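S.K.: Sequence first, predicted model second:
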Amino acid sequence: MISTELLVNITAAAALFGLMAYGVFGGADFGGGVWDLFAAGPRRKEQRLAIQKAMGPVWEANHVWLIFVVVVLFTCFPRAYSKLAIALFVPFHLALVGIMLRGASFVFRSYQSQQAEEAAETSLWGIVFGVASIISPVLLGAAFGVVTEGLIRVKNGEVQAQPWFWLTPYAIANGLLALTTCAYLAAVYLTNETKGELREDFRWRAILAGTGTAALALLVLALAWFEARWFVDRMLSPQALPVVIAGLVCFAASAWAVFNRHFILSRLFAAAEICMLILGWGLAQHPFLVYPDLTFAATAAPRATLYFLVLTLPVGALLLLPSLFYLFRVFKS
Amino acid sequence: MDSLTAARWQMTVSLAFHMVYAAVGIGLPLLLVMVEGMYLRTGQEHYKRLAKKWSKVIGLLFAVGAVSGTALSLELGLLWPAYMEIMGAVVGHIFGLEGYAFFLEAIFIGIYLYAWDKITPVAHWLSGMVIATTGMLSGIFVLGVNAWMQQPVGFEMADGVVTVTDPIAIFKQPLWFYMAWHSTLACYLSVAFAVAGWYAYLALKGRNDAYVRSALVAAMLLGGVCAFLQPLSGDLLAKFVFKTQPVKFAAMEGQFKTETSAPLRIGGWPDEQARETKYAIEVPGGLSYLATGDSQAEVPGLDKFPQSDWPNVELTHLAFQIMVGSGSALMFVSAWFWIAWLRYRENVLSGRWLMRALCVVAPLGFIGLEAGWMVTELGRQPWVIQGLMRTKDAVTPVAGVQGMFIAFTLLYALLTVTVIVLLRKLTYSGTEIEKPAK
C-alpha cells in the first residue's frame, strides 16, 4: 500500500517533470520565435527558414507539456491551483494571449505565403509571432518569481493580492532570465540543425544569449538575496544545492561546448542544465507549492484521485514516449 | 457589466470559438483517412490530392484549435477558481486522460502534416488513423467532465472541501455515454456537411470530375450515416435528461405547466411572464410519448421548481429548436442525396436543386453543434455543478474580468477573420478552383 505522502510526492514530481519537459521543448520554441524576430545579417531569410523547419512539425506537441502541468496541478493540488489562478489572474491571462497569438501567427504566416521562401520575409504575422514569443516566457518566468518571492499570501482561504502586485523587480528579472534562457536553448539547438555560416550565426547568438543568461542569473540571485531570502537559503540547503551546482556545471559545460563548436555536446548540456535547474527549484520549493501558505500535502486532492493519476502515468508514458521518440526521429535525425 | 456576466461571456466566446476547431479536429481526420485509404487501395491520384488539400486545411485549423484549447484549459481555472477546486479533485483525472489523447493527436498531426515523403504511405495513413482516434477520444474525455457537471458523482464533501473521491464513479455514469455519442456524431455531422456543401458549390460551378465527386461522396457517406444515427442518440439523451434534469428538460421543451398528455412543441416562443409557450405547433401527447414512451404520462413543468432554479427558458428552448431543426434538415438532405445517387449515380452532381440544398445546409451541422452545446450549458444554469454550486458562487473574486473579456473577444475575432481569409486563399490555390470544368 502506497502512503498518501508518497502519492503526493509522486504527483508533485510528475508536475515538475512536465515543467522540465516544457522548459526543454517549449522553451526552445519560445526562443525560436525570439531569433525569428531578431533575424539579422546577410542570412536573415535562411535563419528564419531554419527556425521554421525546426519548429514546424513539433511545436504543437511541445506545448502540450504546459497543459500536462496544468492538469496535474488542478487535479492533484486543486486548492493551491485555485489560489494561483486568483493571484496570477492577470499575468496568466496575458501569457495566454501570447501563447495563442504565437501559435496562430506561426501558421498564419506560412499559410499567407505560397512558398516557404516568402514566409521568411519580414511580415506582420512574423512580427506578431516574435513579439508574442517574448511576452509569454517573460510572464511565465515572472510568475515563477512571484511564487518564489512569497508574495502570494492566503489567509482563511482568501487570497490577499492586488491585480498588479506581481510586477516586482525580482519577478521581472526572473521573467527576463526565462527569456534569455529560452533564447540560449533555441540558439544551441539550431546550431545542431544548420551547417556552415548559418550555424556560425546561431553559434554567435548562443554566445550572446548565454552571456545574457549568466548576467541575469547573477542579477536574480542578488535580488533574491533581498527579496526572497528564504528561497536562497533553500537553494543552498543540502536537498537542493547538489542539483543546483550540477545545473550550473551543465550550463558552463554547454557554454564551453558552444565556444569550441562541440555542438552535439552543447545541446546535451543545455537541455541537462534546464532540467537540473528546474529540478533544483522544485527541491528547494518542497514541501511548499506556494511559499509560505500552501504546501503540497495540505492542498492535495483526496487519495483516490492522486492514486488514479499515478496509475495513469506509466500508461501515458508507454503511449507518449515512443510516439515522441518517433516524432523526433522522423524530423530531427 | 459585473464580473459574473463578463466571465460567463468570456467562457461563451472562448468555447463557441474553440468548439468549431475541436469539431474539425475530430471530424476531418476521419474524412482524411477515408480518402487516403481509398488512395492506398486504388492508387488513383485524385484521392491523394484531396487528402493533401484537406491536410492543409487541418494544419491551419488544428493549430488554432490547439492554442484556443490551451487557453481554455487555463481559463477554466482563472475564471472559475472555486469550481476548479471541486472539479479538479473529483474529475481532473478525466482531463488527464484527455491530455494524453490530445498529446498523441498533436504528435501525430506533426507527423501527418510534415512527413508525407519521409515515411511509408501505410505509416502515413496509420498516423492519420491515430489522429482520428485520439481526436475522438479527446472530445469524449472532455464530455466526461461535462457530464459530471450535469450530474456530479463520486465524491463526499465537508466544509466546502472534497474529502473522499471515487475516480471510477464517473465511468459508470450513463449520461457520459449518451453525451459522448451525441456530441461525437454532431462533430462528424458538422464537418461532413461543411465539406459536402463546398463541393456541391463546386458542382454548381460546373465541376463533375472524380476529385469533386469523391469528395462529395466521402462527405455524404459520413454525413448520411451520422444524420440518421443522430436522432436515435438524441432521443436516448433526452429521455435520460428527462429523468435526471427535469428543469432543463422542461426548459428545452417550453413546458411551464406540469401536465399529463403533454404536447410536443415545435417552434414557439416561451413567455416567462405569462408562463406559456406561444405560437408553437403542438403535437398532442407527443412530449409525454417521447419522454416516457406513454402518450398519457405526466411531464413535470417548470412550475414544479422555484423560479430561482430555472435556466433562461427562452434561450434554452430556442437553442433546442434550432438544434432539432438543423438535424432534421440534414437528415432530409442526406436521404435526398442517397436516393438520387442510387438512381442517377455520377449525374447526381448535375442535379442543381440537390446541390443548392447541400450548399444551404452546409453550416447547419456547426449551427446544430453550437445550439446543442447551448442547450446543455444554458439548461444547466443557474448551476455550474448541478445542485452543488451555483455559477455566481464560482466566479473569480479578482477585479478586471471585464478587461480580459474584451481583450479575448478581440483576439478571437482577429483569429476568426484571419482563418476565413486564409481558408479562402487555400481554395484558390491548387486543385480546388483553377482546374477547368470537365
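M.R.: That came through fine.

S.K.: So residue A:202 is in contact with residue A:185, correct?
M.R.: No. Judged on CB atoms under 8 Å, residue A:202 makes no contact with residue A:185 at a distance of 11.5 Å. Quick note: C-beta positions are derived from backbone N, CA and C, even for glycine.

S.K.: Which one of those two is surrounded by more residues?
M.R.: residue A:185 (30 against 24; other CB atoms under 10 Å in any protein chain shown).

S.K.: which stretch of helix or strand covers the more buried one?
M.R.: Residue A:185 belongs to helix A:169-191 when assigned by DSSP states H and E.

S.K.: Report all helices and strands that that helix contacts.
M.R.: Counting contacts by 3 or more CB pairs under 8 Å, 6 or more residues apart in numbering or on different chains; DSSP states H and E, helix A:169-191 is packed against helix A:27-37, helix A:44-55, helix A:124-149, helix A:196-227, helix A:241-259, helix A:263-285.

S.K.: ok, and what's touching the helix or strand of chain A at the bottom of the mean pLDDT ranking?
M.R.: Sorting the helices and strands of chain A by mean pLDDT, DSSP states H and E puts helix A:116-119 at the bottom, at a mean of 74. For helix A:116-119, the external contacting residues (CB atoms under 8 Å, 6 or more residues apart in numbering or on different chains) are A:45, A:48-49, A:52, A:109-110, A:112-113, A:126.

S.K.: Could you rerun that using 6 Å?
M.R.: A:109-110, A:113 (CB atoms under 6 Å, 6 or more residues apart in numbering or on different chains).

S.K.: hmm, which of the residues you listed are the buried ones?
M.R.: Neighbour counting with 16 or more other CB atoms under 10 Å in any protein chain shown marks A:109-110 as buried within those.

S.K.: got a list of contacts for the helix or strand harbouring residue B:289?
M.R.: Element membership for residue B:289, per DSSP H and E: helix B:286-292. Applying CB under 6 Å, 6+ apart, the contact partners of helix B:286-292 are B:242, B:253, B:261-264, B:295, B:297, B:299.

S.K.: if we take those residues, which one ends up nearest to residue B:15?
M.R.: Nearest to residue B:15 among the contacts of helix B:286-292, counting by CB to CB, is residue B:253 at 24.1 Å.

S.K.: So which bits of the stretch 251-400 of chain B are right by chain A?
M.R.: Taking CB under 6 Å from any CB of the partner chain, the part of the stretch 251-400 of chain B that reaches chain A is made up of B:396, B:398, B:400.

S.K.: Name the nearest residue to the closest residue to chain B within chain A, ignoring sequence neighbours.
M.R.: Going by CB to the nearest CB, chain B is nearest to residue A:75 of chain A, at 2.8 Å. Among residues not flanking residue A:75 along the chain, residue B:92 sits closest, at 2.8 Å (CB to CB, 6 or more residues apart in numbering or on different chains).

S.K.: and residue A:151, backbone torsions?
M.R.: For residue A:151, the backbone dihedrals (degrees, to the nearest 10) come out as phi -80, psi -20.

S.K.: Please tell me the pLDDT value assigned to the residue lying closest to it once chain neighbours are set aside.
M.R.: Once flanking residues are discounted, residue A:151 sits nearest to residue A:165: 6.1 Å by CB to CB, 6+ apart. On pLDDT, residue A:165 comes in at 87.

S.K.: neighbours around residue A:165, how many?
M.R.: So residue A:165, with other CB under 10 Å, has 17 neighbours.

S.K.: So it belongs to a helix, correct?
M.R.: No. Counting by DSSP: H, G, I helix; E, B strand; the rest coil, residue A:165 is not found in a helix; it is coil.

S.K.: Let me know the average pLDDT across the helix holding residue A:185.
M.R.: For helix A:169-191, mean pLDDT is 96.

S.K.: about what we covered before: average model confidence for the helix holding residue B:289?
M.R.: 93.

S.K.: Dump the C-alpha coordinates for it into PDB.
M.R.: Taking C-alpha atoms only, helix B:286-292 is exported to PDB below (Å, rounded to 0.1, in the frame of the first residue of the first chain):
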ATOM      1  CA  GLY B 286     -46.100  14.000 -28.300                       C
ATOM      2  CA  LEU B 287     -43.800  15.100 -25.500                       C
ATOM      3  CA  SER B 288     -45.200  12.600 -23.000                       C
ATOM      4  CA  TYR B 289     -44.600   9.900 -25.500                       C
ATOM      5  CA  LEU B 290     -41.100  10.900 -26.400                       C
ATOM      6  CA  ALA B 291     -40.100  11.300 -22.700                       C
ATOM      7  CA  THR B 292     -41.600   8.100 -21.400                       C
END
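
S.K.: Quick one: name whatever helix or strand follows it.
M.R.: Taking DSSP H and E, what comes next after helix B:286-292 is strand B:298-299.

S.K.: what packs against that following strand?
M.R.: Secondary-structure packing of strand B:298-299 (3 or more CB pairs under 6 Å, 6 or more residues apart in numbering or on different chains; DSSP states H and E): helix B:286-292.

S.K.: Can you list the buried residues in stretch B:376-383?
M.R.: Applying 16+ other CB under 10 Å to stretch B:376-383 flags B:376-381, B:383 as buried.

S.K.: do stretch A:27-36 as well
M.R.: Those would be A:27-36, for stretch A:27-36 by 16+ other CB under 10 Å.

S.K.: my guess is residue A:21 contacts residue A:66, does it?
M.R.: No. Using CB atoms under 6 Å, residue A:21 makes no contact with residue A:66, being 9.6 Å away.

S.K.: which one of the contacts of helix B:286-292 has the most neighbours?
M.R.: The most crowded member of the contacts of helix B:286-292 is residue B:253, carrying 30 neighbours; neighbours defined as other CB under 10 Å.

S.K.: Disregarding flanking residues, what is the spatial nearest neighbour of that residue?
M.R.: For residue B:253, the spatially nearest residue (CB to CB, 6+ apart) is residue B:287, at 5.6 Å.

S.K.: Would you point out which residue of the stretch 51-200 of chain B is nearest chain A?
M.R.: Closest point on the stretch 51-200 of chain B to chain A, by CB to the nearest CB, is residue B:92, at 2.8 Å.

S.K.: That residue: helix or strand, and which one exactly?
M.R.: Assigned by DSSP H and E, residue B:92 belongs to helix B:81-114.

S.K.: Show me what that helix packs onto, helices and strands only.
M.R.: helix A:59-76, helix A:78-87, helix A:303-332, helix B:45-79, helix B:121-150, strand B:161-165.

S.K.: Who are the contact partners of the residue nearest in space to the middle of chain B?
M.R.: Nearest residue to the geometric centre of chain B (CA atoms, centre = their mean): residue B:369, 3.8 Å. Listed by CB under 6 Å, 6+ apart, the contact set of residue B:369 reads B:23, B:186, B:190.
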